[in-house]
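Trainee: sequence first, then the predicted structure:
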Amino acid sequence: MQGDQQQVPVKPDGAQAPLVVVIDDEDQLAFAELLRDEGVDAVALHPDDLDGELLAKATTVIVDQYLDNWSTRSGSSIPFAMKIPDGLSLASVLRSHVEASGDRKGPPANAVSFVLRTGEAEKIGAGLPRAAREYLLAGQYNLEWVFDKGYLPELGKPSAARRIAELANATASLPSDWGPESGDPGARWLGLPQSDWAEDARWQVEQCRPPQHVVAQRTAGRAWLRWFLHRILPFPTFLIDSRKVAASLGITRSALEAVLNSDSELKKKLDAALYQGPLNTFLGLRWWRAGVSHAIDEMLHECGLEDELDLASIGSAASSLHGSALARLNFDDPVLEISADYIALGEPISASEAVRLQPDDWPPYADEPWAHRKHLESEADPELKALVVSRDRWHLRGSRTWDGAASIEGAAADENELGRFE
């Protein structure tokens, strides 16, 4: 039992930090310490040691999935309907408590985020695309996120403790009022900058259909948080990752890394477009799409190329503002490629050599993913081939009849129908 070994920490300045409650049948005191190192309060305890008073103070609740060392949950004297088989069911019960769904008092006053942290994420998510497993499982089980205890940070991504601390801070910062007289609480939460491109960014946010009115109000903003976690951050929407930024500039990813590690004028322009709101490093750095587009317009104007909108001119202007030559893409139609596991693959590819994909649960307002035809000209990857959009499948029946321009025009037509960003 761990509940008697710790108390909720109090910050020296008296500020109220978000409280993360870690519920596990194994000792998680060390992990709670890692969370406190990230600036949040944290308590780790056995399920038997949890009480309503502590739960009522929680901002984020973390539960383990397989609670094998919790014998009191399934004794022979406990009615079947009261037995809790695993962490997913425990999370559902605890959510009902914090949201007071059983006392008929109406919506909760404050949002609480729930996270599953397990060493068996691969087993629970068997069959799901690896790169999408965390948010797909979370959506399936009414959670905000799912973490694997064996998670090791990829390049450019923070540790699990840092990500959970970001989630707790994001949950705590959700607006309390989402009513019709509240103005634009979602934009305030995002930290939309006061800039020349702010209205473009606001419009792009709206194209992603955020739950910012009745649904957000009823869930104390949790619906907004989940939309942002599950439907925005993993995809190229009004926020874009470094792969999309590099493609927009017509340069390689390694060239962009050189820019981001410099103090050049181009770096300063990109810094102005850097997303700095809640969860800003949760899945790696993100930039405002509208801000990057504005930076490109400014860049072309400063280089006397405002009438040249081709990618070669953009890449040339980028090199000028950086102060030295940057490695450029050698095609004018870059698109981003993914695998059947939704894993982003390397450098952009040319749309003339690719087909569009339609993965399950990919938002219609996000940029479409693509796959290079060379990965699909055999039966080596049937799962990837199954994702090809119907309009492009005929291209795979004979590469000699491939018309890249037709596919690109088809993609553009689809984007216009859906009201996409560009």
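Mentor: Now that the structure is in, tell me what you want to look at. Numbers count the residues shown, from 1 in each chain.

Trainee: what is the subsequent helix or strand relative to the helix or strand residue 56 falls within?
Mentor: Using DSSP states H and E, residue 56 maps to helix 52-57. Per DSSP H and E, the first helix or strand lying C-terminal to helix 52-57 is strand 60-63.

Trainee: sheet partners, orientation included, of that following strand?
Mentor: strand 19-23 (parallel), strand 113-118 (parallel) (DSSP bridges).

Trainee: got the buried residues for stretch 125-137?
Mentor: The neighbour-count check on stretch 125-137 (16 or more other CB atoms under 10 Å) flags 125, 128, 129, 132, 133, 134, 135, 136, 137 as buried. Backbone N, C-alpha and C define where each C-beta goes, glycine included.

Trainee: out of those, who's nearest residue 343?
Mentor: residue 129 (8.0 Å; CB to CB).

Trainee: just checking, the closest one touches residue 341?
Mentor: Yes - if you go by CB atoms under 8 Å, residue 129 and residue 341 touch, sitting 4.7 Å apart.

Trainee: follow-up on the earlier one: need the strands paired with strand 60-63 in a markdown table (columns: mean neighbour count and distance to residue 307).
Mentor: Shown next, in a markdown table, are the strands paired with strand 60-63 (neighbours: other CB atoms under 10 Å; distance: least, CB to CB, whole Å):
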| stretch | mean neighbour count | distance to residue 307 |
| --- | --- | --- |
| strand 19-23 | 24 | 54 |
| strand 113-118 | 25 | 49 |
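
Trainee: redo those strands as CSV? Include distance to residue 389 and mean pLDDT.
Mentor: Formatted as CSV, the strands paired with strand 60-63 follow (distance: least, CB to CB, whole Å; pLDDT from 0 to 100):
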stretch, distance to residue 389, mean pLDDT
strand 19-23, 42, 98
strand 113-118, 33, 96
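
Trainee: make TSV from those and add distance to residue 354 to it.
Mentor: Putting those into TSV (distance: least, CB to CB, whole Å) gives the following:
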stretch	distance to residue 354
strand 19-23	43
strand 113-118	36
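
Trainee: residue 155 - that's part of a strand, no?
Mentor: No - using DSSP: H, G, I helix; E, B strand; the rest coil, the assignment for residue 155 is coil, not a strand.

Trainee: check what pLDDT it gets.
Mentor: For residue 155, the pLDDT comes out at 71.

Trainee: burial of it, as a residue count?
Mentor: A count of nearby residues for residue 155, using other CB atoms under 10 Å, gives 5.

Trainee: contact partners for it?
Mentor: Contact criterion CB atoms under 8 Å, 6 or more residues apart in numbering gives no residues in contact with residue 155.

Trainee: from what I can see residue 91 touches residue 116, true?
Mentor: Yes - look at residue 91 against residue 116 with CB under 8 Å: they come within range, at 6.6 Å.

Trainee: which residues do the two both contact?
Mentor: Both residue 91 and residue 116 are contacted by 63, 141, 143, under the criterion CB under 8 Å, 6+ apart.

Trainee: which one of those residues is nearest residue 181?
Mentor: Checking these against residue 181 with CB to CB, the nearest one is residue 143 at 31.6 Å.

Trainee: how about the contacts made by the closest one?
Mentor: By CB under 8 Å, 6+ apart, the contact list for residue 143 reads 91, 114, 115, 116, 137.

Trainee: ditto for residue 91
Mentor: By CB under 8 Å, 6+ apart, the contact set of residue 91 is 61, 63, 114, 116, 141, 142, 143.

Trainee: residue boundaries of the helices in the stretch 251-400 of the chain?
Mentor: For the stretch 251-400 of the chain, the helices defined by DSSP state H, counting those that start in this stretch occupy 253-260, 265-272, 289-302, 311-322, 382-385, 390-393.

Trainee: and if you look at the stretch 1-150 of the chain?
Mentor: Assigned by DSSP H, counting those that start in this stretch, the helices in the stretch 1-150 of the chain fall at 29-37, 52-57, 87-98, 121-124, 133-140.

Trainee: which one of those lies closest to residue 177?
Mentor: Residue 177 lies closest to helix 87-98 among the helices of the stretch 1-150 of the chain, at 19.5 Å (CB to CB).
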